[in-house]
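> Got a sequence here, can you model it:
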Amino acid sequence: MSEILFIKGGTVVTDVDEYVADVVVEGEKITAVAPNLPVPEGAEVIDATGKYIMPGGIDPHTHMELPFMGTKANEDFYTGTAAALAGGTTMIIDFVIPNPGQSLMEAYQTWRGWAEKAACDYSFHVAVTWWDDSVHEDMGKLVAEHGVNSFKHFMAYKGAIMADDEVLIKSFTRARELGALCTVHAENGDLVSHLQKKVFEEGTTGPKGHPLSRPPEVETEAAQRVIRLAEVIDTPLYLVHTSCKEALDAVIRARGKGQRVFAEVLAQHLLIDDSVYDEPEFDKAAHYVMSPPFRPKENQEALWVGLQSGMMQTTATDHCCFCTDQKRMGEGDFRKIPNGTGGVEDRMGVLWHHGVNKGKISRSKYVAVTSTNTAKIFNVYPQKGAILPGSDADIVIWDPELKRVISKDTHHQNIDFNIYEGMEIKGSPEITICRGKIAWRSGELTAVRGFGRYVNRPPKAAAWTKSILEQPQAKRSFTEKPAPKMVKAGLIQLSNPINDESLPVDVIKQAALDKHVEWIHKAGKAGVQILCLQEVFNTPYFCPGQDKRWYASAEPVPGPTTELMQGLAKQYGMVIVVPLYEEAMRGVYYNTAAVIDADGTYMGKYRKQHIPHTTGFWEKFFFKPGNGGYPIFNTRYAKVGVYICYDRHFPEGARCLGLNGAEIVFNPSATVAGLSQYLWKIEQPAHAVANGYYVGAINRVGTEAPWNIGKFYGTSYFVNPRGEFLAEGSEDDDELVIADLNIDMIDEVRKTWQFYRDRRPEAYDELFKI
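Residues are numbered from 1 along each chain as shown. Predicted coordinates for the structure are as follows:
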């Protein structure tokens, strides 16, 4: 008889939803998910009250037992996967890396033998490090007979495993034939080799030479080049360990054109910067030598925005452990330091603490980027990455209050260093279950050597032809608090309370904030479920002038105003879209909207893409164009997109929001009567109809001194996917505009008007020509 686990009363968190339910596990599978289930006879009951029940993590990038740079990674497939289970990860995807000239099949069988001792489930990417007819044949065998659907390509490590453009082209072409995914380490190996020699000969021989020889430009050039190669060959592409803003920008541009490009980010690149290489002690600095190296701190925000916006889909570790004596192989010559850091045990915890706890990502986004997206991209969903009947019972029961201090003295990774040493985190696994077996409970590791099973991954994943949002999602298997068909949405249009230029900026800003808070309370008491405020809501519209004093009104996002709004959102169970003047770093500002979920979680932000610069609207003096794409926020009540003011004149972005899954798009604005007023009720209803979603358009009211450029004409409104106006504010009055939105209408309209079916992206090349 199979063992039965009954997980009682926890909050199930999926990539799209969360709800209180019981979960039944029989043998290796989940057999039921529903509230108030009867306890099966003989079941072990696990009380998960106050805990989160989530899919076990999937790390798509590890290197156990890797032979590399004259040594071998110290972590083997048992110790590494056991450590993964201690941290809440229940599956890894490792890499088979043949030597140039070695048969792919021979290398694959070698790695399969090493992995037989794994404690959790595993699969393999296979690297293409050279080319002849046998590689072409072996790729076919691996896909057809061995469940391999992804091939790795190193553009770095010249003279060893680097694939030049000819190999890339042949391998990409073959992968396309097979329905396999091309994954790429993007660094220009020729340039790295040149810079390593130059830096070393100039006298920098210690670990500091490593980042100097691999600057962001090295990664960016390779990313741009391989994206174009994949575009020409018409094959999907997955960039591993994307570490810098410029490489991410290349991904965003490609995805904006409709190219299927995925990007992975390492947990450590989100949290650690290049100051670690300034450490005078060789042993410590050498432990941070990995490729790509840690980057200047300003890259971290761009990477977080990439996750928030969906431009980066997965998180990984590149777990590759070399102990201190191995790192010392490069003492006196940084080029010989084995590249690699650990982290497979800590990824889930540090991302929860610095992502969820700090409001950077929601719990559902956390599940998506640590598990479900990887399962979808590598075609093992819903076997993995889901809490569903029939899915493998890979489950982590997460205690959000559990605190621990990360240390090499207490971790389970087989390495004498921890890159997060001394970091205190809140939120850790209480129990990790791998295919129905408890492997970690309350600090005790009970992983079983050899329990892990190889996971076949079929070719032609849906993720390679559809947006992740368009794929089948984890649906509840019961009816309990179903997603409402009707959503009560609200818009607040207000006049600026102070028009005295002589007052300090912070006084003017506080008065606007106080006035809006009063109206937010009104919205909450009226039962509004999703609320949007007007453009840069807590300041006047200062762009008619070019007065530098208004830079002082900018603030970080998330920051103090976001935190205030998080409290109000949680108080009323109300999603709030908060347009703010954002300071990203000293001297860099954006016109931004933060999105806060109904539980107070900061979900991310949209940055205004199109910035006008003309008489009365000197916005480029104040705002940098947005760099975060067109994110959709899967809030408690609906999928929300934002398109700020001047953006509305550009239908391309409105279509991107629709393609990314928007159900409601908010357009917070500050616009005065004049040349474009008649467009106010033309463009946005057209967007709603063309893209099959609701639009909420917000405009402020009144006049604002000292600029006096005209009257802000209000008339905030909601329009449905048929182009029909549902509610409208006045031209002059402070007002809360409320409408009930029937989300089911979106499906009805799209079935009638098949604009998505009939679109022709392949015919729109002219759009991308300057």
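
> Direction included, what does the helix or strand bottoming out on mean pLDDT in the chain pair against?
Least confident helix or strand, the chain: strand 613-614 with a mean of 86, by mean pLDDT, DSSP states H and E. Its sheet considered, strand 613-614 pairs with strand 617-618 (antiparallel) by DSSP bridges.

> what residues does the partner strand touch?
Strand 617-618 is contacted by residues 543-546, 646 when judged by Cβ atoms under 8 Å, 6 or more residues apart in numbering. From N, CA and C alone the C-beta is placed, and that goes for glycine too.

> what pLDDT, on average, does that strand get?
The average of the pLDDT scores along strand 617-618 is 88.

> After it, which helix or strand is next?
Next helix or strand after strand 617-618 toward the C-terminus (DSSP states H and E): strand 633-634.

> just checking, what packs against the following helix or strand past that next one?
Next in sequence after strand 633-634, counting helices and strands by DSSP H and E, comes strand 639-642. Packing contacts for strand 639-642, counted by 3 or more Cβ pairs under 8 Å, 6 or more residues apart in numbering; DSSP states H and E, involve strand 575-585, strand 588-596, strand 633-634, strand 664-669.

> closest to residue 627 out of those?
Distance to residue 627, taken as Cβ to Cβ, is lowest for strand 588-596 among the helices and strands packed on strand 639-642, at 8.2 Å.

> center of this protein, which residue is that?
For the chain, the residue lying nearest the average C-alpha position, counting by Cα atoms, centre = their mean, turns out to be residue 307 (2.1 Å).

> now that one: how far from residue 362?
From residue 307 over to residue 362 the distance is 11 Å, taken as Cβ to Cβ, to the nearest Å.

> okay, and the common contacts of these two?
Common neighbours of residue 307 and residue 362, using Cβ under 8 Å, 6+ apart, do not exist here.

> Could you pull up phi and psi at residue 680?
Main-chain dihedrals, residue 680, degrees, to the nearest 10: phi -50, psi -40.

> residues touching it, list them.
Contacts of residue 680 by Cβ under 8 Å, 6+ apart are 671, 697, 699, 713, 715.

> now, of the helices and strands packed on strand 639-642, which is deepest in the fold?
Mean neighbour count (mean count of other Cβ atoms under 10 Å) peaks for strand 664-669 among the helices and strands packed on strand 639-642, with a mean of 28.

> how big is the angle separating that one from strand 575-585?
Counting by axes from the mean of the first three to the mean of the last three Cα atoms, to 10 degrees, strand 664-669 lies at 50 degrees to strand 575-585.

> Rounded mean pLDDT for the helix or strand following strand 664-669, please.
As assigned by DSSP H and E, the chain's next helix or strand after strand 664-669 is helix 683-691. On average, the pLDDT along helix 683-691 is 96.

> mind saving the C-alpha coords of the next helix or strand after helix 683-691 as PDB?
Next helix or strand after helix 683-691 toward the C-terminus (DSSP H and E): strand 694-699. Output of strand 694-699 as PDB, limited to C-alpha atoms (Å, rounded to 0.1, in the frame of the first residue of the first chain):
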ATOM      1  CA  TYR A 694     -11.000  47.200 -20.600                       C
ATOM      2  CA  VAL A 695      -9.400  50.600 -20.400                       C
ATOM      3  CA  GLY A 696      -9.600  52.900 -17.500                       C
ATOM      4  CA  ALA A 697      -8.400  56.400 -18.500                       C
ATOM      5  CA  ILE A 698      -7.700  58.900 -15.700                       C
ATOM      6  CA  ASN A 699      -7.100  62.700 -16.000                       C
END
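
> Quick one: work out the angle between strand 694-699 and helix 683-691.
160 degrees.

> who does strand 694-699 pair up with?
Counting by DSSP bridges, strand 694-699 is paired with strand 664-669 (parallel), strand 717-719 (antiparallel).

> where's the longest one relative to the chain centroid, distance-wise?
It refers to strand 664-669. On the basis of Cα atoms, centre = their mean, to the nearest Å, strand 664-669 sits 22 Å off its chain's mean C-alpha point.

> for stretch 347-358, same thing?
Stretch 347-358 sits 13 Å away from the centroid of its parent chain (Cα atoms, centre = their mean).

> Same question for stretch 725-738.
Distance, stretch centre to chain centre, for stretch 725-738: 35 Å (Cα atoms, centre = their mean).

> contacting residues around that stretch?
Contact with stretch 725-738 is made by 488-495, 519, 522-523, 526, 528, 681, 685, 701-702, 711, 713-720, 739-741, as judged by Cβ under 8 Å, 6+ apart.

> of those, buried ones?
Taking 16 or more other Cβ atoms under 10 Å as the criterion, what is buried in the contacts of stretch 725-738 is 488-495, 519, 523, 528, 685, 701-702, 711, 713-720, 739, 741.

> Tell me which entries of the residues you listed lie within strands.
Mapping the buried ones among the contacts of stretch 725-738 onto strands (DSSP state E) picks out 488-493, 701-702, 713, 717-719, 739, 741.

> Please tabulate those residues in JSON lines, including the columns pLDDT and distance to residue 56.
Output for these, formatted as JSON lines (pLDDT from 0 to 100; distance: Cβ to Cβ, whole Å):
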{"residue": "488", "pLDDT": "91", "distance to residue 56": "37"}
{"residue": "489", "pLDDT": "96", "distance to residue 56": "36"}
{"residue": "490", "pLDDT": "97", "distance to residue 56": "39"}
{"residue": "491", "pLDDT": "97", "distance to residue 56": "41"}
{"residue": "492", "pLDDT": "98", "distance to residue 56": "42"}
{"residue": "493", "pLDDT": "97", "distance to residue 56": "47"}
{"residue": "701", "pLDDT": "96", "distance to residue 56": "52"}
{"residue": "702", "pLDDT": "94", "distance to residue 56": "54"}
{"residue": "713", "pLDDT": "95", "distance to residue 56": "54"}
{"residue": "717", "pLDDT": "97", "distance to residue 56": "46"}
{"residue": "718", "pLDDT": "97", "distance to residue 56": "41"}
{"residue": "719", "pLDDT": "96", "distance to residue 56": "43"}
{"residue": "739", "pLDDT": "93", "distance to residue 56": "41"}
{"residue": "741", "pLDDT": "93", "distance to residue 56": "36"}
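
> Export those residues as JSON lines, with columns for distance to residue 186.
Listed next are those as JSON lines, based on distance: Cβ to Cβ, whole Å:
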{"residue": "488", "distance to residue 186": "46"}
{"residue": "489", "distance to residue 186": "42"}
{"residue": "490", "distance to residue 186": "45"}
{"residue": "491", "distance to residue 186": "43"}
{"residue": "492", "distance to residue 186": "45"}
{"residue": "493", "distance to residue 186": "46"}
{"residue": "701", "distance to residue 186": "50"}
{"residue": "702", "distance to residue 186": "51"}
{"residue": "713", "distance to residue 186": "49"}
{"residue": "717", "distance to residue 186": "46"}
{"residue": "718", "distance to residue 186": "44"}
{"residue": "719", "distance to residue 186": "43"}
{"residue": "739", "distance to residue 186": "46"}
{"residue": "741", "distance to residue 186": "42"}
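
> mind listing the strands for the stretch 401-550 of the chain?
Ranges of strands within the stretch 401-550 of the chain are 424-434, 437-441, 444-445, 486-493, 530-532, based on DSSP state E, counting those that start in this stretch.

> contact partners of the fourth one?
The one in question is strand 486-493. 516, 519-520, 523, 526-534, 537, 637-638, 664, 666, 694, 696-701, 714, 716-718, 729, 734-743.

> Need the per-residue pLDDT for residue 471.
With respect to pLDDT, residue 471 has a value of 53.

> Not counting its neighbours along the chain, what's nearest residue 384?
Distance criterion Cβ to Cβ, 6 or more residues apart in numbering; nearest residue to residue 384, sequence neighbours excluded, is residue 375 at 4.5 Å.

> Any buried residues in the helix or strand where the one you found lies, and which?
According to DSSP H and E, residue 375 maps onto helix 373-377. Under the neighbour-count criterion of 16+ other Cβ under 10 Å, helix 373-377 has 373-377 buried.

> Export these to JSON lines and append columns for pLDDT and distance to residue 177.
Shown next, in JSON lines, are the buried residues of helix 373-377 (pLDDT from 0 to 100; distance: Cβ to Cβ, whole Å):
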{"residue": "373", "pLDDT": "97", "distance to residue 177": "26"}
{"residue": "374", "pLDDT": "98", "distance to residue 177": "24"}
{"residue": "375", "pLDDT": "97", "distance to residue 177": "24"}
{"residue": "376", "pLDDT": "96", "distance to residue 177": "22"}
{"residue": "377", "pLDDT": "97", "distance to residue 177": "20"}
